[in-house]
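> generate a structure from the sequence data that follows.
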Amino acid sequence: MGRTFAGLRKRGNTWHIEKQIQGYGRLYESCRTSERAEAERYYVYRLEQIRQETLYGRRPEKLFREAATKYVEENTHLSSLSDQAYMLEQLDPFIGDLPLEQVHDETLRPFIAHRISQGMKHKTVNISLGLVRRILTLSARKWRDERGQTWLETPPLLTMLPLTDTRQPYPLSIDEQQRLFRELPAHLARMALFKVNTGTRDQEVCRLRWDWEIKLPELETSVFLIPGRFVKNREDRVVVLNDVARSVVESCRGEHPKVVFSYQGKAVKKMMATAWRKARERAADKLAKETGEPAPFGFSHVRVHDLKHTFGRRLRAAGVPLETRKVLLGHTTGDITSHYSAPELAELINAANRVCRTESGKTPALTLLKHRASK
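This next block holds a predicted model:
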């Protein structure tokens, strides 16, 4: 007679194990296959694994995918979770099916090679590797099974890539800014104009909410107070609006009930996407045709984050003091930055306005924005 497999049942197209095991409890899980022979092999493997655990206290095997899922479920409060979830999606085809014990430098090499072949910088790849290291550390030091054993005995040492290809910031000139903004879709041009006049980060702009706005009647303006959980340094951040930024905000008012910046009725998830890349390519090509020389590398590869550097560089060029620049750029200062008097806010607004006023008092970039939005 052939071997019987009590508790092996097919539900839909997939085989499952449903079995009560003495000394262990109920085992209920998918075999992740529609083939009976493969399901039987998995059945035998799991029962032997449980026998080893029960008799000898062997640590149960956990896949990296299980650990990654647990990490996401436990960290819904993180402002960066969507970015981390995206990194885990990129990692999954390479290490998702591996037991935690098998995740190390060698098994990560194919992932690293793949991301570099896609043009990713070493720093970007290192951020993903750092997330893997964090999950392995939690598996070895915090997460435990029903018997009190950690998911992983010892986390491996992961080697980070050398930062030999780090790109330097590229602050835009006024001419380059206008060339780039002309090529952007109207919704991105508006966000970019706000960003280059406030020094906010990409996600701070994308997540900016109307209920974070604080009216300042005595100054006839308003500011935005971004909660610390949405800010990189975890400190509440005051976003001061100069004349241009305030005009951008007013142009958005009434378009979406929750977020300031939207596109076709939905919040914009990120600025650095296909539309941005195509716009910078067009802007660089037109500049090259006009000058007869290739566009500067920094301009042809300008990043959304370069707008923050542009704001900071213009503040410095305008003679704005370092401490004031730190506040306007949302850098850590050690102060409680959400508490300012009206005179202090007026001083910050005046400093921010120094980057957008020309000798004639006009703001050409704002005129450009209205032109793009009207098309």
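> residues near the closest residue to residue 98 other than its chain neighbours, how many?
Closest residue to residue 98 apart from its sequence neighbours, by Cβ to Cβ, 6 or more residues apart in numbering: residue 64 at 5.3 Å. The way it works is simple: take the backbone N, C-alpha and C, and place the C-beta from them, glycine included. When counting by other Cβ atoms under 10 Å, one arrives at 26 neighbours for residue 64.
> same thing with residue 73?
With other Cβ under 10 Å as criterion, residue 73 counts 8.
> against residue 155, how distant is residue 115?
Distance, residue 115 to residue 155, by Cβ to Cβ, to the nearest Å: 22 Å.
> so where's this structure shaky on pLDDT?
1-2, 23-24, 53-59, 165, 332-339, 357-375 (pLDDT under 70).
> show me what contacts residue 48?
Residues near residue 48 by Cβ atoms under 8 Å, 6 or more residues apart in numbering: none.
> show me the contacts for the residue nearest to residue 308 when sequence neighbours are not counted.
Residue nearest to residue 308 in three dimensions, not counting chain neighbours: residue 199, with 5.1 Å by Cβ to Cβ, 6+ apart. Counting by Cβ under 8 Å, 6+ apart, residue 199 touches 308, 311, 312, 315, 328, 329, 330.
> mind doing that once more with 10 Å?
239-240, 245, 307-312, 314-315, 325, 327-331, 352, 355 (Cβ atoms under 10 Å, 6 or more residues apart in numbering).
> out of those, list just those in helices.
245, 307-312, 314-315, 325, 327-329, 352 (DSSP state H).
> which one of those is nearest residue 258?
residue 245 (19.4 Å; Cβ to Cβ).
> on that earlier part again, could you look up the SS state of the residue nearest to residue 308?
coil (DSSP: H, G, I helix; E, B strand; the rest coil).
> please report how far it lies from residue 13.
54 Å.
> kindly report the same for residue 79.
Noted for residue 79: a distance of 39 Å to residue 13, by Cβ to Cβ.
> who has more neighbours out of those two?
Neighbours were counted for residue 79 and for residue 13 using other Cβ under 10 Å; residue 79 has more, 17 against 7.
> doesn't the more buried one lie inside a helix?
No. Assigned with three-state DSSP, residue 79 falls outside any helix and is coil.
> for it, which residues are in contact?
Contact analysis of residue 79 by Cβ under 10 Å, 6+ apart lists 203, 204, 207, 226, 227, 228, 229, 230, 231, 232, 234.
> could you dump those residues into TSV with neighbour count, distance to residue 20 and secondary structure added?
Formatted as TSV, the contacts of residue 79 follow (neighbours: other Cβ atoms under 10 Å; distance: Cβ to Cβ, whole Å; DSSP: H, G, I helix; E, B strand; the rest coil):
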residue	neighbour count	distance to residue 20	secondary structure
203	19	48	helix
204	21	53	helix
207	21	48	coil
226	23	52	strand
227	15	48	coil
228	15	49	helix
229	10	44	helix
230	19	47	helix
231	19	50	coil
232	15	50	coil
234	12	47	coil
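> ok, those vs residue 122, which is closest?
Once Cβ to Cβ is applied, the member of the contacts of residue 79 that ends up nearest residue 122 is residue 232, at 20.2 Å.
> pretty sure the closest one contacts residue 308?
No. Using Cβ atoms under 10 Å, residue 232 is not in contact with residue 308, being 11.0 Å away.
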